[in-house]
Every structure is written in structure tokens, then in C-alpha cells.
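> sequence-free structure coming up:
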């Protein structure tokens, strides 16, 4: 051992480990039917050009899980790739005058190098980037298959339009109603867009949440709420005096038909055809509608939105009472949700109540409380609880369930309504009027309509060597791209210039990782070996859209016969954010921490260890420079102890006559192993695994202070080996370097996870708690097999117990073997 070995040199240690891994293809994996597989995947990054601490933490979690399961003897796959399409590349292209492709590929090369410096155990032979033609060609092929099955369609949908930049804006690019670059007032435009029928799978997506017992409950609840199954009634209001067959009936959906007799107005969306007709001869209404059309309202914003509306002058005829109620245009009604019309019951819906108060509309009570605990005061607010019907004619006195059925039956008999199941979920709009994305493989023909690009003509290549300016997608200006012949009638046609929503790429990448270098098909049999993903890791912000779309896409793949499983991810871990002084790290706040700077100073293992030690993985981590220093000091201390230890072979401890101190250290070693195994496998709390390993090291160094014979060395050897093996998934370079110092010839990553010696957990003596009147007064060590009488005698002999019993009468002594003795006095 050289003098240099005594000092921990993270750069030298990490360089040596990474060279070994690269030379031996240590993490390249192939299918092995004789081994249990384990597929661990962290959500792949967007290649922005720089790693941040959120990346480091996310991938450190995945790497720790992967390495642990490898040590369990499993065939472990952990791949990495790039979610490479998207808006940031277009923004960078405009800012830096560089083509999005060149910018993206350069960033991928740089970030790959950054990830490799951190030593993650990735099978780089499976690397993919979603902007590569050999990836998105299969996405295009699959889209054409969905079109042929009737699961894809085109319809008009609204977008944010910047009239100066002549481009569609994402919602986040609209700031106070203006384009983020031009400052122009954003317009709402309706244009043709492509949709995939996720609603056809709504019930299955909801039902299969029950299969996802390895997912956090809050994520399953979020998805359930987003899918939003409800049972209600579809019913019709006639529009008084309207002769147009398309407009004479207003259909609405309600989950509270019991409140139907409380309707005092009906509201329609500003984009509703009835609103458009009413505004033709009403300039004031037309102006109001135009103003609302230029305001993007997301469904999530409706609760806090200021309620605005205007009377159309039209009347709706109530389907039961035949009374006429006014029809308002209201900004809280979305044309994209349901029929674009709602019945308003201000007495029993708070939103309707606020609107009615603002516009002096009638508020009618038709539900009264069923119990004295509920109070109805419509002067203060709407009464939204379920109760007993009043002021509802023939339905008076009915409770909610009875009223629901009775009113639904009445409407059905009159041909004005029926019970129905509804879903909040809407079909997935996959069109983006942008350049940097996968081209949608469709051709528009004036004679044949929308025609898919034939399989032999795929992929539809995205031209990468382009001039990118600020006036919309270049694809709309490249004639050689959009000019095409109709595959059916061979006449002149136009190729689709929209590109896919990037959620399309991220909805199936996990499956493509299983089938690298497959040029002949989208997926092959290897997908069924690896899928479903055993462990998926990513931020809670992806709980709904990405994870829901991936679940949906997986079912589409299954129905095409490409996979056999129903769900893509068996277990999900949603890691918390990395904060700095309580705020999320961001460049705009100037509170980011550069991982590479820390790696150069402390080494990758110190950074990895801190990110896993500072908090449980599913909670936010608050950055701490002193915490990083603490992790570094611990590693230096452990390094010095291990290289200073003279390795010995481990004897059969069962045949050794160990003294109490040796038994106690072995108990500590195997109790720690038992806990850390649970921390890695079931609990996935790496912070407590690290803490337990630190405690074992402390116990070992304390033992070393007064023990030095051969058996002592063997007990210490076992403890140090356990510490290194337990920390190997977290600080892999460090443990790779130390494993040989403990006398081993192989590598630590190929070592088996240590087994718990159950015999070491059997103690000759145990600690008993002594109480007086239920309060802790002392602790004593006694023989494990002590009888009740012996425990009682030992407790009464305790000076502390005697002190608190002095001058009092002992009423009884309660003995709980193996745990405590409680002396009751008065």
C-alpha cells in the first residue's frame, strides 16, 4: 500500500473506476431468460445543454436502485436517452442564430459527457434521441396504424396565435394576453388539429389504476380526478322561437338532476354557435364575445376566474316546468368541455350563485337540508349539499338518490334526457404548429381527404439544415417538403406541416430502449422480456400528462400486438425538488448550483451521497454547502479506516467463542444490514440507509479503540465489508476503489448483496426499560431468558426505582417479558 492510497483522492478514484467500467462494458446487458430481470428507468432529460442538481438527484436515485438490484443477482437494465424535440430548441435557434438540430446534437454530446462523469451505470449502447429518424419513423408508422383503426381524427380546435410573429404560441408563451417575443395581443384562432381517442380508453385507464399498487397513492388519485368519471344526466333545453335545427336544442350535462327545478338561467361558451348568432345584430354582445375569444382560459383557472357574462336576449324552455329562462354568454363555460353549455342553479352551485348575484338573476331554493347540522342561507352562499327536494312540484320530498332516478326517468319518457356516464378526460390533441418535432405522416388531398403516408415512404424526414427565423414554422415555406402526391389518386396534394406534440415521443421511449438497433419493426420480442418497467423515477409534475399518456400509449401498443402487458410502469417513485434557501433552483433567481464545479472539488460520489442523504427521495431537498462538506468528510474518514485496516478472511463465526463485545458488534452489523436492505428494497429511503451505515462505522471505530486480536479483526472485517457493500450503490467509485483493500480480487459491483446472519441477531442479553407509575426511570441489561420473577427482582433492586418508590407503597409490579417492568406505587 503506497502512502498515496491512504489519502482519498476522488478524481483519481473516479477516473480509475470509470475506466474499468468502460473497458469491461460493465453495464451493457442482454436478455437472459435464466435470470430475474429488473428494468430501472429515470425519466430522460431534455438536452438543454447543462445538468442541474435536479438531474443529479433524479439519476442518483435511479442508479442506487439499479446497482442494489444488480447486487441482488438480477439482470438489470438502466438505459439513458434524450427527449430531444421541443420548443426550447426553437427559442435557442432564434437567440443564437443556429439551426435547432445543430444546437440539440451539440447539447446531447455535452450532457452525455456530464452524465458519464457522474458514473451512472447506464447501458449506453441503447442510447436514443427522439429527434433521430430511426426513432420517430416508428412513431409515424404507429400513427398511421391508429388512423386506419379510427383512433385518430382531425377537427377544428383553438390555438393562441401571434399575429406579428405569425406563429402559434404555447400557453406559457402568452404573458398577460400578449406574445412573449412580439408583445402583440394574442388572438384565439380555430384551426384543424389532429387528435388521438384517449377517451375510448377512459374506463380502462381508470380501472387499471387499481393494478398500480406500486405507485404513490396521491399520483393515482390525481390521475383518477383527471379522468373524472361521473354519473349524471344529459338533458335538453329548447331555444324559444329558434327554427334552425342545429340551434333549437341546447344540450347540457349535470351530475345534480335533483336541482333541475332550480335552474334560473342557462350559460353558453363565447364560441358557441348560438352566441355567434345572437351577436349578429348585437354589437355590444359581439364586442364582449370577441374580447373573451382572445383570452385563454384553462380549466384549472376557472375556480379563481372573475365571472363575466352578457345576456344574449334568447330564452331557453325548461324541460320540466316549461318556464323560460335567459341564455347568457359566460366566460366560465368552455366550448372544449362537453357541449359548451351549462344549466345554472345559483341556489345550489357557488359559481352560479356568484354570477347570479353579479347580474341580479333569480336564486331559487329547491333543496333543503336533510339534517339539522346543515344550514341553508342563500343570502350568504349557495347550499351545495345533497338533501330533500322542495319547490320541485311532483318531485318534492324526494332525497337525492330517489330524485336522481325519478327526474332522469321523467326526462327519458319525455324524450328530453337520459342517464349517462361522463368523463372529464378529453381526447389528446397531438398537433403542434411548430418546426422542431416529428412530422405528422398525413397528406391532405382535395379529393380523398386525409390520407396516411404509405409505410414504404416512411419516415417523413424533418429537414434539419434550415434557416430558422421568427415568422412561424419553416415547414410551411419549404415547397419540396409540403408538396406531395396523393397516395391514393396520385393527384397534387399537400403534406401535413404540423409536428407531433413531444408527449408522443416520451410516451413510448421506455419500450424502444428494450429493442436497440431494431431497424425492421417498432418493437420486437425483447420488449416483452424487459417490460413492464420495474421502477420508474421522475418528478411529481409529470403525475398526470406524461404518465397518463404513457399508460394510454402502452395500451395502444398492446392492442397492436407489440407488447403483452397492460401497464408500462410497475413501481413509481416521484422525487422532490432541489431547493436553495427554500426556493426552487432557477437561473432567473441566480440560486443554481453547478454540479460540475462540485464534482471537480469533491468528486461525483460526494455529490451523489449528499443528494441522497439530505432528505427522503420523495421530499424536497434544501441545498446545503455544509452538508456537502459533511459527506466529503465522512468519505475521507471511511477511506482512511479501510486502507488502514489489515484484511483477514472471515471465519465461520458459529464455531467461534465470541465475547460479548464481539457479539455486540456482529449484532450491530447484521441489524444494520437488515434495516438497510429494507431501506433500499421496500422503503426506498436512501437517507436512512446512509445514516445506518454511518452508525455502524461509528460502532466499528469505537470497537477498534480497545480490541486487536485475530477474532476482533475478523469482526471488524465483516463490519467494514458490510459498510462498503451497503454504500456501493450510492458511492460506487469510492467502493470500487476500496473493495480490493479489503482483500477481494473481484469488483464490488459484481459482489452479492450481503446476507443477514440471523444467528447474529440473537442476543444473550437484552435491554429492559424500568418504569415507576408508567414513567421511565432506568434501563438495565438482563439475560434474554430471564424469568418474570428475576426481572421483578432486578427492577426493585435498581437504585433509580428505589428512589422513586421511597416512602410509598408498592401496589403491584407489571412485567412485560423482553420489554419492560412497571412498578405501580401510591
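Nice, thanks for sending it over. Keep in mind that this is a model prediction, so the values were computed, not measured. Numbers count the residues shown, from 1 in each chain.

> what is the rounded mean pLDDT of stretch 130-146?
The average pLDDT for stretch 130-146 rounds to 98.

> same question, stretch 719-738
pLDDT averaged over stretch 719-738 gives 98.

> try stretch 250-265
98.

> Okay, now it: how far is its last residue from its first?
Chord length of stretch 250-265, first to last residue, is 12 Å (C-alpha to C-alpha, to the nearest Å).

> hey, what's the residue nearest to residue 494 when sequence neighbours are not counted bridged with?
Once flanking residues are discounted, residue 494 sits nearest to residue 444: 5.0 Å by C-beta to C-beta, 6 or more residues apart in numbering. Backbone N, C-alpha and C define where each C-beta goes, glycine included. Counting by DSSP bridges, residue 444 forms beta bridges with residue 450, residue 494.

> any idea how far residue 488 is from residue 444?
12 Å (C-beta to C-beta, to the nearest Å).

> overlap in contacts of the two?
Overlap of the contact sets of residue 444 and residue 488 (by C-beta atoms under 8 Å, 6 or more residues apart in numbering) consists of residue 451.

> Quick check: the residue nearest to residue 494 touching residue 452?
No - taking C-beta atoms under 8 Å as the definition, residue 444 is not a contact partner of residue 452, at 11.2 Å.

> Which one's more surrounded, the two?
Neighbours were counted for residue 444 and for residue 452 using other C-beta atoms under 10 Å; residue 452 has more, 22 against 18.

> Let me see the contact set for the residue nearest to residue 346 when sequence neighbours are not counted.
Spatial nearest neighbour of residue 346, excluding adjacent residues (C-beta to C-beta, 6+ apart): residue 356 at 3.6 Å. Contact analysis of residue 356 by C-beta under 8 Å, 6+ apart lists 264, 265, 344, 346, 362, 363.

> For the helix or strand containing residue 356, buried residues please.
Taking DSSP states H and E as the definition, one finds residue 356 inside helix 350-358. Buried residues in helix 350-358, counted by 16 or more other C-beta atoms under 10 Å: 351, 352, 353, 354, 355, 356.

> returning to what we had before: I only care about the contacts of residue 356 that end up buried; give me the ChimeraX line for that.
Restricted to buried positions by 16+ other C-beta under 10 Å, the ChimeraX selection for those reads:
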select :264,265,344,346,363
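
> residue ranges for the helices of the stretch 101-250 of the chain, please.
133-148, 202-207, 217-227 (DSSP state H, counting those that start in this stretch).

> Output those helices in JSON lines; the columns should cover mean neighbour count.
Below are the helices of the stretch 101-250 of the chain laid out as JSON lines (neighbours: other C-beta atoms under 10 Å):
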{"stretch": "helix 133-148", "mean neighbour count": "19"}
{"stretch": "helix 202-207", "mean neighbour count": "16"}
{"stretch": "helix 217-227", "mean neighbour count": "15"}
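
> Among the ones you listed, which comes closest to residue 436?
helix 133-148 (11.8 Å; C-beta to C-beta).

> List of residues touching the closest one?
For helix 133-148, using C-beta under 8 Å, 6+ apart, the contacting residues are 128-130, 152, 196, 438-442, 450, 452-453, 455, 458-462, 500, 504-505, 508-509, 512, 519, 521-522, 556-557, 560.

> go with 7 Å
Defining contact as C-beta atoms under 7 Å, 6 or more residues apart in numbering, one finds that helix 133-148 is touched by 128-130, 152, 196, 438, 440-441, 452-453, 455, 458-461, 500, 504-505, 512, 519, 522, 556, 560.

> try stretch 414-434
87, 90, 157, 159, 167-168, 193-199, 202, 226-236, 253, 319, 336, 408, 411-412, 440, 473, 498-501, 504, 549.

> hang on, the earlier thing: toward the C-terminus, what is the element adjacent to the helix holding residue 356?
Helix 350-358 is succeeded, C-terminally, by strand 367-368 (DSSP H and E).

> hey, where'd the helices end up in the stretch 251-400 of the chain?
Under DSSP H, counting those that start in this stretch, the stretch 251-400 of the chain gives helices at 273-278, 283-293, 350-358, 400-413.

> mind giving me a markdown table with the ones you listed and columns for distance to residue 74 and mean pLDDT?
Shown next, in a markdown table, are the helices of the stretch 251-400 of the chain (distance: least, C-beta to C-beta, whole Å; pLDDT from 0 to 100):
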| stretch | distance to residue 74 | mean pLDDT |
| --- | --- | --- |
| helix 273-278 | 60 | 96 |
| helix 283-293 | 57 | 93 |
| helix 350-358 | 53 | 97 |
| helix 400-413 | 52 | 98 |
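
> would a markdown table of the ones you listed with distance to residue 209 be doable?
Shown next, in a markdown table, are the helices of the stretch 251-400 of the chain (distance: least, C-beta to C-beta, whole Å):
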| stretch | distance to residue 209 |
| --- | --- |
| helix 273-278 | 37 |
| helix 283-293 | 36 |
| helix 350-358 | 28 |
| helix 400-413 | 26 |
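
> nearest to residue 70, of those?
Going by C-beta to C-beta, the one of those nearest residue 70 is helix 350-358, 54.4 Å.

> tell me how far that closest one is from the chain's mean position?
The chain centre lies 36 Å from the centre of helix 350-358; the measure is C-alpha atoms, centre = their mean, to the nearest Å.

> re earlier: nearest to residue 737, of the buried residues of helix 350-358?
residue 351 (63.8 Å).

> Which residue, other than its chain neighbours, is closest to that closest one?
Residue 351 sits nearest to residue 332 (C-beta to C-beta, 6+ apart), 6.3 Å away.

> And for residue 679?
residue 689 (3.9 Å).

> Quick check: the one you found is in a helix.
Yes - judged by DSSP: H, G, I helix; E, B strand; the rest coil, residue 689 forms part of a helix.

> doesn't residue 676 make contact with it?
Yes - judged on C-beta atoms under 7 Å, residue 689 makes contact with residue 676 at a distance of 4.6 Å.

> among the helices and strands of the chain, which has the poorest mean pLDDT?
helix 3-6 (a mean of 60; mean pLDDT, DSSP states H and E).

> Give the buried residues for the helix or strand just after that one.
As assigned by DSSP H and E, the chain's next helix or strand after helix 3-6 is helix 10-23. The neighbour-count check on helix 10-23 (16+ other C-beta under 10 Å) flags 10, 13, 14, 17, 18, 21 as buried.

> swap in stretch 482-491?
In stretch 482-491, counting by 16+ other C-beta under 10 Å, buried: 482, 484, 486, 487.

> Pick the one among those closest to residue 630.
For the buried residues of stretch 482-491, the nearest to residue 630 is residue 482 (59.7 Å; C-beta to C-beta).
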